[in-house]
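Student: Dropping the sequence and predicted coords here.
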Amino acid sequence: MKIQLSHPWPETAAEAEAVQDALRAGLDLAGPGPARPATVAGVDVAYRGDRLAAAVVVLDAATHRIVEQVAVAGRTAFAYVPGLLAFRELPSLVEALERLTAVPDLIVCDGYGLAHPRRFGLACHLGVLTGLPTVGVGKTAFVGSHREPGHRRGDWSELLLDGDVVGRVLRTQDGVKPVFVSVGHRIDLDTACRHVLALSPRYRLPETTRAADRLSRAALRAAS
DNA sequence: GCGACAG
DNA sequence: ATCTTGTCGC
(Lines give C-alpha, C1' and ligand atoms only; values in the text may rest on other atoms or scores of the structure.)
Protein backbone atom coordinates (compact mmCIF):
# COMPACT_ATOMS: atom_id res chain seq x y z
CA MET A 1 0.00 0.00 0.00
CA LYS A 2 1.54 3.28 -1.15
CA ILE A 3 0.63 6.29 0.99
CA GLN A 4 1.24 9.91 0.04
CA LEU A 5 2.05 12.23 2.97
CA SER A 6 1.52 15.97 2.50
CA HIS A 7 4.45 17.72 0.84
CA PRO A 8 6.04 19.78 2.07
CA TRP A 9 5.65 18.46 5.58
CA PRO A 10 4.42 21.30 7.88
CA GLU A 11 7.01 22.93 10.14
CA THR A 12 4.77 25.17 12.22
CA ALA A 13 1.45 24.76 13.98
CA ALA A 14 -0.22 27.13 11.55
CA GLU A 15 0.99 25.10 8.57
CA ALA A 16 -0.16 21.89 10.22
CA GLU A 17 -3.63 23.31 10.78
CA ALA A 18 -3.78 24.34 7.13
CA VAL A 19 -2.97 20.75 6.17
CA GLN A 20 -5.81 19.51 8.38
CA ASP A 21 -8.24 21.92 6.77
CA ALA A 22 -7.20 20.74 3.31
CA LEU A 23 -7.37 17.03 4.14
CA ARG A 24 -10.77 17.37 5.82
CA ALA A 25 -12.30 17.79 2.35
CA GLY A 26 -11.42 14.15 1.68
CA LEU A 27 -13.38 12.79 4.63
CA ASP A 28 -16.14 10.29 3.85
CA LEU A 29 -18.72 10.05 6.61
CA ALA A 30 -21.62 8.80 4.54
CA GLY A 31 -21.68 5.02 4.65
CA PRO A 32 -22.10 2.66 7.62
CA GLY A 33 -18.64 1.17 7.20
CA PRO A 34 -17.49 -2.46 7.17
CA ALA A 35 -20.07 -4.73 8.83
CA ARG A 36 -17.80 -7.76 8.95
CA PRO A 37 -14.14 -6.80 8.62
CA ALA A 38 -11.94 -9.86 8.17
CA THR A 39 -8.88 -8.12 9.53
CA VAL A 40 -8.39 -5.11 11.80
CA ALA A 41 -5.13 -3.20 12.26
CA GLY A 42 -4.05 -1.51 15.47
CA VAL A 43 -1.47 1.30 15.42
CA ASP A 44 0.56 2.88 18.22
CA VAL A 45 3.79 4.77 18.86
CA ALA A 46 6.18 4.51 21.82
CA TYR A 47 8.71 7.19 22.78
CA ARG A 48 11.95 7.57 24.70
CA GLY A 49 13.58 10.94 24.51
CA ASP A 50 13.67 11.91 20.85
CA ARG A 51 13.60 8.28 19.76
CA LEU A 52 10.34 6.59 18.78
CA ALA A 53 8.99 3.34 17.42
CA ALA A 54 5.77 3.02 15.45
CA ALA A 55 3.91 -0.28 15.25
CA VAL A 56 1.04 -1.69 13.23
CA VAL A 57 -0.42 -5.06 14.12
CA VAL A 58 -3.07 -6.73 11.97
CA LEU A 59 -5.43 -9.10 13.76
CA ASP A 60 -7.97 -11.60 12.51
CA ALA A 61 -11.21 -9.85 13.48
CA ALA A 62 -12.87 -13.08 14.60
CA THR A 63 -10.11 -14.77 16.56
CA HIS A 64 -7.91 -11.77 17.40
CA ARG A 65 -4.87 -13.77 16.35
CA ILE A 66 -2.00 -11.77 14.87
CA VAL A 67 -1.95 -11.98 11.08
CA GLU A 68 0.93 -9.61 10.43
CA GLN A 69 2.97 -6.97 12.27
CA VAL A 70 5.43 -4.23 11.33
CA ALA A 71 7.52 -1.91 13.51
CA VAL A 72 9.51 1.14 12.41
CA ALA A 73 12.09 3.00 14.51
CA GLY A 74 12.63 6.71 14.00
CA ARG A 75 13.10 10.12 15.53
CA THR A 76 10.62 12.70 16.80
CA ALA A 77 9.95 15.13 13.96
CA PHE A 78 7.25 17.31 15.50
CA ALA A 79 6.69 18.50 19.06
CA TYR A 80 3.64 17.25 20.88
CA VAL A 81 0.90 19.86 20.64
CA PRO A 82 -2.65 18.93 21.70
CA GLY A 83 -4.61 18.89 18.46
CA LEU A 84 -1.58 18.20 16.29
CA LEU A 85 -0.65 14.74 17.53
CA ALA A 86 -1.00 13.35 14.01
CA PHE A 87 2.03 15.29 12.77
CA ARG A 88 4.14 13.69 15.46
CA GLU A 89 3.11 10.11 14.74
CA LEU A 90 2.12 10.02 11.09
CA PRO A 91 5.50 9.76 9.33
CA SER A 92 6.52 6.57 11.14
CA LEU A 93 3.02 5.09 11.20
CA VAL A 94 2.65 5.58 7.45
CA GLU A 95 6.00 3.93 6.85
CA ALA A 96 4.89 0.93 8.90
CA LEU A 97 1.55 0.71 7.09
CA GLU A 98 3.28 0.82 3.72
CA ARG A 99 5.25 -2.28 4.63
CA LEU A 100 2.15 -4.40 5.18
CA THR A 101 1.77 -7.16 2.60
CA ALA A 102 -2.04 -7.15 2.89
CA VAL A 103 -4.41 -4.21 3.29
CA PRO A 104 -6.54 -4.44 6.48
CA ASP A 105 -10.31 -3.81 6.43
CA LEU A 106 -10.27 -1.39 9.36
CA ILE A 107 -7.72 0.59 11.37
CA VAL A 108 -8.12 1.31 15.08
CA CYS A 109 -6.06 4.31 16.19
CA ASP A 110 -4.76 5.46 19.55
CA GLY A 111 -6.42 8.84 20.00
CA TYR A 112 -9.31 10.69 18.44
CA GLY A 113 -11.04 11.12 15.09
CA LEU A 114 -13.84 13.67 14.71
CA ALA A 115 -13.79 14.36 18.45
CA HIS A 116 -11.08 16.92 17.95
CA PRO A 117 -10.90 20.73 18.34
CA ARG A 118 -10.63 21.08 14.55
CA ARG A 119 -12.73 17.97 13.90
CA PHE A 120 -9.75 16.17 12.38
CA GLY A 121 -7.76 14.01 14.74
CA LEU A 122 -5.21 11.26 14.04
CA ALA A 123 -7.87 8.73 13.01
CA CYS A 124 -9.19 11.13 10.34
CA HIS A 125 -5.66 11.70 9.01
CA LEU A 126 -4.98 7.98 8.72
CA GLY A 127 -8.35 7.40 7.09
CA VAL A 128 -8.00 10.03 4.39
CA LEU A 129 -4.36 9.11 3.73
CA THR A 130 -5.00 5.36 3.38
CA GLY A 131 -8.57 5.50 2.11
CA LEU A 132 -9.43 2.85 4.70
CA PRO A 133 -12.13 2.91 7.39
CA THR A 134 -10.65 4.21 10.66
CA VAL A 135 -11.77 4.55 14.26
CA GLY A 136 -10.21 6.56 17.06
CA VAL A 137 -10.10 5.17 20.59
CA GLY A 138 -8.88 7.56 23.27
CA LYS A 139 -8.07 6.63 26.86
CA THR A 140 -8.72 10.06 28.38
CA ALA A 141 -10.99 13.03 27.74
CA PHE A 142 -9.75 15.52 25.20
CA VAL A 143 -12.60 17.64 23.88
CA GLY A 144 -16.34 17.79 24.34
CA SER A 145 -18.63 17.15 27.28
CA HIS A 146 -20.44 14.01 28.37
CA ARG A 147 -22.42 12.36 31.12
CA GLU A 148 -20.98 9.41 33.00
CA PRO A 149 -22.11 6.26 31.14
CA GLY A 150 -23.64 3.27 32.96
CA HIS A 151 -21.19 0.95 34.71
CA ARG A 152 -21.83 -2.15 32.60
CA ARG A 153 -19.91 -3.29 29.55
CA GLY A 154 -21.60 -1.84 26.49
CA ASP A 155 -23.08 1.18 28.31
CA TRP A 156 -22.30 4.51 26.69
CA SER A 157 -23.06 8.22 26.59
CA GLU A 158 -22.72 10.84 23.90
CA LEU A 159 -19.62 12.98 23.51
CA LEU A 160 -20.87 16.46 22.58
CA LEU A 161 -18.92 19.33 21.07
CA ASP A 162 -20.65 22.60 20.19
CA GLY A 163 -23.99 20.84 20.03
CA ASP A 164 -22.77 18.03 17.77
CA VAL A 165 -22.36 14.37 18.65
CA VAL A 166 -18.67 13.79 17.90
CA GLY A 167 -18.20 10.47 19.64
CA ARG A 168 -19.17 8.14 22.47
CA VAL A 169 -17.86 7.44 25.92
CA LEU A 170 -18.02 3.65 25.88
CA ARG A 171 -17.69 1.19 28.78
CA THR A 172 -15.83 -1.84 27.43
CA GLN A 173 -15.71 -3.74 30.75
CA ASP A 174 -17.96 -3.81 33.81
CA GLY A 175 -16.89 -1.26 36.39
CA VAL A 176 -13.84 -0.13 34.42
CA LYS A 177 -13.06 3.38 33.23
CA PRO A 178 -14.64 3.98 29.79
CA VAL A 179 -12.86 4.76 26.51
CA PHE A 180 -13.58 7.60 24.08
CA VAL A 181 -14.63 6.39 20.65
CA SER A 182 -14.91 8.64 17.61
CA VAL A 183 -15.18 8.06 13.91
CA GLY A 184 -12.20 8.66 11.67
CA HIS A 185 -13.21 7.87 8.07
CA ARG A 186 -15.68 5.71 6.13
CA ILE A 187 -17.55 4.31 9.14
CA ASP A 188 -20.42 5.41 11.36
CA LEU A 189 -20.35 5.75 15.14
CA ASP A 190 -22.62 2.77 15.80
CA THR A 191 -20.52 0.44 13.70
CA ALA A 192 -17.33 1.84 15.19
CA CYS A 193 -18.49 1.18 18.75
CA ARG A 194 -19.68 -2.29 17.79
CA HIS A 195 -16.21 -3.19 16.55
CA VAL A 196 -14.45 -1.60 19.51
CA LEU A 197 -16.61 -3.64 21.86
CA ALA A 198 -16.02 -6.84 19.90
CA LEU A 199 -12.28 -6.16 20.01
CA SER A 200 -12.38 -5.74 23.80
CA PRO A 201 -13.67 -9.09 25.13
CA ARG A 202 -11.50 -9.12 28.24
CA TYR A 203 -9.67 -5.85 28.77
CA ARG A 204 -10.50 -2.16 28.78
CA LEU A 205 -8.63 -1.47 25.53
CA PRO A 206 -9.18 -3.19 22.16
CA GLU A 207 -6.86 -6.11 21.43
CA THR A 208 -5.58 -4.15 18.43
CA THR A 209 -4.42 -1.30 20.66
CA ARG A 210 -2.87 -3.68 23.18
CA ALA A 211 -0.98 -5.58 20.51
CA ALA A 212 0.32 -2.41 18.83
CA ASP A 213 1.31 -0.95 22.19
CA ARG A 214 3.35 -4.03 23.08
CA LEU A 215 5.07 -4.17 19.71
CA SER A 216 5.95 -0.47 19.69
CA ARG A 217 7.56 -0.73 23.13
CA ALA A 218 9.47 -3.85 22.21
CA ALA A 219 10.70 -2.23 19.00
CA LEU A 220 11.78 0.85 20.91
CA ARG A 221 13.85 -1.27 23.31
CA ALA A 222 15.41 -3.19 20.46
CA ALA A 223 16.31 0.02 18.62
CA SER A 224 17.89 1.79 21.59
C1' DG B 1 -7.45 37.01 30.98
C1' DC B 2 -6.53 32.06 32.82
C1' DG B 3 -6.43 27.29 32.60
C1' DA B 4 -7.04 22.88 30.22
C1' DC B 5 -5.29 19.98 26.72
C1' DA B 6 -5.33 12.81 22.50
C1' DG B 7 -0.24 10.63 22.91
C1' DA C 1 3.97 9.54 25.93
C1' DT C 2 7.36 8.75 30.03
C1' DC C 3 9.24 8.81 34.94
C1' DT C 4 8.16 4.96 39.07
C1' DT C 5 6.83 1.34 44.64
C1' DG C 6 3.88 -1.00 46.50
C1' DT C 7 -0.39 -3.33 46.33
C1' DC C 8 -4.94 -5.63 45.30
C1' DG C 9 -6.82 -9.59 42.77
C1' DC C 10 -7.28 -13.70 39.71
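Tutor: Structure's in. What do you need?

Student: For the rest of this, base every contact and every neighbour count on C-alpha atoms.
Tutor: Noted.

Student: Now chain A against DNA strand C: closest residue?
Tutor: Residue nearest to DNA strand C within chain A (Cα to the nearest atom of the strand): A:Ala46, separated by 3.8 Å.

Student: residue closest to the middle of chain A?
Tutor: Centroid-nearest residue in chain A, with Cα atoms, centre = their mean: A:Cys109, separated by 1.4 Å.

Student: and that one, that's in a helix?
Tutor: No - counting by DSSP: H, G, I helix; E, B strand; the rest coil, A:Cys109 is not found in a helix; it is strand.

Student: Now for the residue nearest to it when sequence neighbours are not counted, how many residues are close by?
Tutor: Ranked by Cα to Cα, 6 or more residues apart in numbering and with sequence neighbours excluded, the top spatial neighbour of A:Cys109 is A:Gly136, at 4.8 Å. For A:Gly136, the neighbour count with other Cα atoms under 10 Å is 28.

Student: just to confirm, which helix or strand has A:Gly136 in it?
Tutor: Using DSSP states H and E, A:Gly136 sits in strand A:134-138.

Student: quick one: the next helix or strand after that strand to chain centroid distance?
Tutor: As assigned by DSSP H and E, the chain's next helix or strand after strand A:134-138 is strand A:156-161. How far strand A:156-161 lies from its chain's middle: 18 Å, per Cα atoms, centre = their mean, to the nearest Å.

Student: Tell me the residues of chain A that contact DNA strand C?
Tutor: By Cα under 7 Å from any atom of the strand, the residues of chain A that approach DNA strand C are A:Val45, A:Ala46, A:Tyr47, A:Arg48, A:Arg217.

Student: Can you give me every residue that contacts the fourth one?
Tutor: Counting by Cα atoms under 8 Å, 6 or more residues apart in numbering, A:Arg48 touches A:Leu220.

Student: what angle separates the longest helix along chain A from strand A:134-138?
Tutor: Counting by DSSP state H, the longest helix found in chain A is helix A:207-223. If you take axes from the mean of the first three to the mean of the last three Cα atoms, to 10 degrees, helix A:207-223 sits at 80 degrees to strand A:134-138.

Student: Sort out which residues of helix A:207-223 are buried, please.
Tutor: A:207-217, A:219-220 (16 or more other Cα atoms under 10 Å).
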